[in-house]
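> I'll drop the sequence and a predicted model, then ask my questions.
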2 protein chains.
Amino acid sequence: MQFNYNIGTKVIFGTDCIRRYGQDLSVYGKKALIVTGGRSARESGALDDICNMLSSHNIVFEIYDRVGNNPSLDNVEEGGKKARQCNADFIIGIGGGSPLDASKAIAVLASNEIEPKELYANKFKYDPLPVIAVPTTAGTGSEVTPYSILTRNDLQTKMSFGNDATFPKIAFLDARYTESMPREVTVNTAVDALSHAVEGYLCRKSTPVSDIFAVEAVKSFGECLSSLIDNRINLDIREKLLYAAMLGGMVISHTGTTVVHGMGYNLTYFLGIPHGKANGLLMKEYLNFIYDRAGEKINILFKLLKIRNVDEFGDLMDLLLSGRPKLGREEIEKFVLITMQQRSTLNNIREVGKSDIEGILKKTFAVL
Amino acid sequence: MQFNYNIGTKVIFGTDCIRRYGQDLSVYGKKALIVTGGRSARESGALDDICNMLSSHNIVFEIYDRVGNNPSLDNVEEGGKKARQCNADFIIGIGGGSPLDASKAIAVLASNEIEPKELYANKFKYDPLPVIAVPTTAGTGSEVTPYSILTRNDLQTKMSFGNDATFPKIAFLDARYTESMPREVTVNTAVDALSHAVEGYLCRKSTPVSDIFAVEAVKSFGECLSSLIDNRINLDIREKLLYAAMLGGMVISHTGTTVVHGMGYNLTYFLGIPHGKANGLLMKEYLNFIYDRAGEKINILFKLLKIRNVDEFGDLMDLLLSGRPKLGREEIEKFVLITMQQRSTLNNIREVGKSDIEGILKKTFAVL
């Protein structure tokens, strides 16, 4: 047995957790920069709760609400400048994966005067500012991972950095903040959480501990399946999804992802397909591709999802995720080349070559 | 769902882990104080491995090897002075629960000039020195908990302190270091790990995440049972026990322990019964006491141990733990009063009164 274990984030989970545990933040300083994409933070009520809590503990704050979807290096550079300008002691990220991932980058850039590209060196002279994470979606798990996934327009894809210092210090998980998500976003992000658990469970870097998180995540997702399909998504279900997403984050903190994420980034970057949906569409053929190597583990997951085989997994994704694009031959060629450069592609339990990626893409998407 | 999650320790698990990952220590400074009880650290080879690794990374060190069994406040006071005198940047604890727990106290006393009794205030002006933990037994789980359990001669019992700042920063878990334990110590400490998982799983503060750790711990312990009974304890078994102990530590980091530990401390303090054995002897009647409240969960554990009921659990403990003392009536009276003052007694899933504790003690031990 050889494994490392590290979850550098303290999780505070449950309704009203910000009010109940907000006093924990005062150790991080007297001035916070709140980082959000604007909309979900406001609509969910999370921003109000954070602001009220900060005020009641005499912590002053400013708000940077210009994080875009799939934030770029320019975006986090601007945020980093803002954090320096306002002398923030710590960062509070509120939102889906984009604001949370941006917060981690902004926290590094606030304490290190480096070019955003240098984030990918993954070594920083000064510790990043402490990050507090408040998710308003249940999918990314970013609130408990060290990863920051940013759009590299120079490389035409998304790419992650992160090390032990970039774990959020505290994550506040209140499922009420995920209630403002429409059904489609709820489903797409839930499938993202599922893909983290599935990929982490079935990759080279899986560990005994990441496996128990993965199994628990898939179990919790499985308990939500019929509600997701029938669009009966109450607060209990949202808690289970938030719990599954957190566990999925704990999994990939140890394992990273696989070629599914590697391929999926292309669909998001070039075609605007939401991240979770992209992974969900690709997973069926990925499972077919690795079934010979990991059949026993795959069947454990299938049992938790109450399905019998890979085809039924595909049917499930079709039920959840509506529509898929057609791809041109040149597009596929381009996606293959970009996917081959992703670190996650090396993490597969079965070695992946160009023709394998091409095969998965062609089987998943009709070719124009 | 309401829970907090926090494991502030990075775990590095596996044969030769100190050599492979020792470079991670240089971030903590240039001067280390090694804290041990002397014998197990040397016999296990852990001390040599640590010293070689420190030297190869140009970290100087001194050794404080005067930690006794069940260390007292005087003992950690002396260690704290030593750490200040030698200007240690960080502490490396090597050994069983006693040296690891002492390390945490010494780390606090090194950076805070307070009386040892003030440790129990659980608030420290200055962060403790970073602690690195290297267990040479598989039981306490102290390497991944914030707890430091010290002997309070003034109160005639053992008592714990600890907060988020007292988690070891890194734990190196190499099962080879546990090979020098004789069979009896191996069994007693393994039963301690079991009791952490069982008590944590069946207490008021159990959480969804601590429960998955607990189940995995009991599963791993269960896989070692026949080897423990037959004294066929190879390195594979030692790894599973070390893994179970680590998981047990992760459980009680969230849940604390119960009245089993509360009662057990008396047996250790007054009768010198090893800590794990004390808990093991007491668990049968504890399970009987709470069975009505937690039968379903208890049966999940029994299935993992391949037993059918509480009586068979008792038989199992009898097989593993040889001999039990007889207690005098006055002794029982004294133990009841002291147990009632333990914090862990409040953590029971069923409220415990004096007569309940008396009942468990009388059923467990023949009365003189």
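Yep, that arrived.

> So for the residue nearest the centre of chain A, what's the nearest residue that isn't a sequence neighbour?
Using C-alpha atoms, centre = their mean, the residue of chain A that lies closest to the mean C-alpha position is residue A:140, 2.4 Å off. Spatial nearest neighbour of residue A:140, chain neighbours left out: residue A:97 (3.3 Å); criterion: C-beta to C-beta, 6 or more residues apart in numbering or on different chains. Any C-beta I mention is one placed from the backbone N, CA and C, and that applies to glycine too.

> wait, that neighbour sits on residue A:137?
Yes. Residue A:97 is within contact range of residue A:137, at 7.0 Å (criterion: C-beta atoms under 8 Å).

> These two: which is more packed in?
residue A:137 (29 against 26; other C-beta atoms under 10 Å in any protein chain shown).

> So that one: helix, strand or coil?
coil (DSSP: H, G, I helix; E, B strand; the rest coil).

> which residues touch it?
Contacts of residue A:137 were listed using C-beta atoms under 8 Å, 6 or more residues apart in numbering or on different chains, and they are A:40, A:95-97, A:178, A:181, A:185, A:189, A:245.

> Stretch A:6-19 and chain B in contact?
Yes. Using C-beta under 8 Å from any C-beta of the partner chain, stretch A:6-19 reaches chain B at A:6-8, A:10-15, A:17.

> looking only at pLDDT, what's the mean for that stretch?
For stretch A:6-19, mean pLDDT rounds to 96.

> Quick one: end-to-end distance for that stretch.
End-to-end distance for stretch A:6-19, by C-alpha to C-alpha, to the nearest Å: 27 Å.

> cool, and stretch A:23-36?
Terminal-residue distance, stretch A:23-36 (C-alpha to C-alpha): 21 Å.

> List the buried residues of that stretch.
Within stretch A:23-36, the residues that qualify as buried are A:24-25, A:28, A:31-36, counting by 16 or more other C-beta atoms under 10 Å in any protein chain shown.

> what does the stretch 201-350 of chain A have sitting close to chain B?
Counting by C-beta under 8 Å from any C-beta, the residues of the stretch 201-350 of chain A near chain B are A:208, A:212-213, A:216, A:239-240, A:243.

> Compile these into JSON lines and extend it with columns for secondary structure, neighbour count and pLDDT.
Shown next, in JSON lines, are these (DSSP: H, G, I helix; E, B strand; the rest coil; neighbours: other C-beta atoms under 10 Å in any protein chain shown; pLDDT from 0 to 100):
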{"residue": "A:208", "secondary structure": "helix", "neighbour count": "15", "pLDDT": "96"}
{"residue": "A:212", "secondary structure": "helix", "neighbour count": "21", "pLDDT": "97"}
{"residue": "A:213", "secondary structure": "helix", "neighbour count": "29", "pLDDT": "98"}
{"residue": "A:216", "secondary structure": "helix", "neighbour count": "23", "pLDDT": "98"}
{"residue": "A:239", "secondary structure": "helix", "neighbour count": "23", "pLDDT": "98"}
{"residue": "A:240", "secondary structure": "helix", "neighbour count": "22", "pLDDT": "98"}
{"residue": "A:243", "secondary structure": "helix", "neighbour count": "26", "pLDDT": "98"}
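
> of all those residues, which two lie farthest apart?
Spatially, the most separated pair among these is A:208 and A:239, at 26.5 Å (C-beta to C-beta).

> Tell me where chain A has helices.
Using DSSP state H, the helices of chain A run over A:17-21, A:39-43, A:46-56, A:73-85, A:97-111, A:183-201, A:208-230, A:235-255, A:259-271, A:275-304, A:310-320, A:329-340, A:354-364.

> tell me the most buried of those helices?
helix A:97-111 (a mean of 29; mean count of other C-beta atoms under 10 Å in any protein chain shown).

> still on that earlier bit, just give me the closest of the contacts of residue A:137 to residue B:249.
Nearest to residue B:249 among those is residue A:245, at 26.0 Å by C-beta to C-beta.

> what distance separates the start and the end of stretch A:121-139?
Start and end residues of stretch A:121-139 are separated by 27 Å (C-alpha to C-alpha).

> If we ignore the residues flanking it in sequence, what's nearest residue A:280?
Nearest one to residue A:280, counting by C-beta to C-beta, 6+ apart, is residue A:191 at 3.8 Å.
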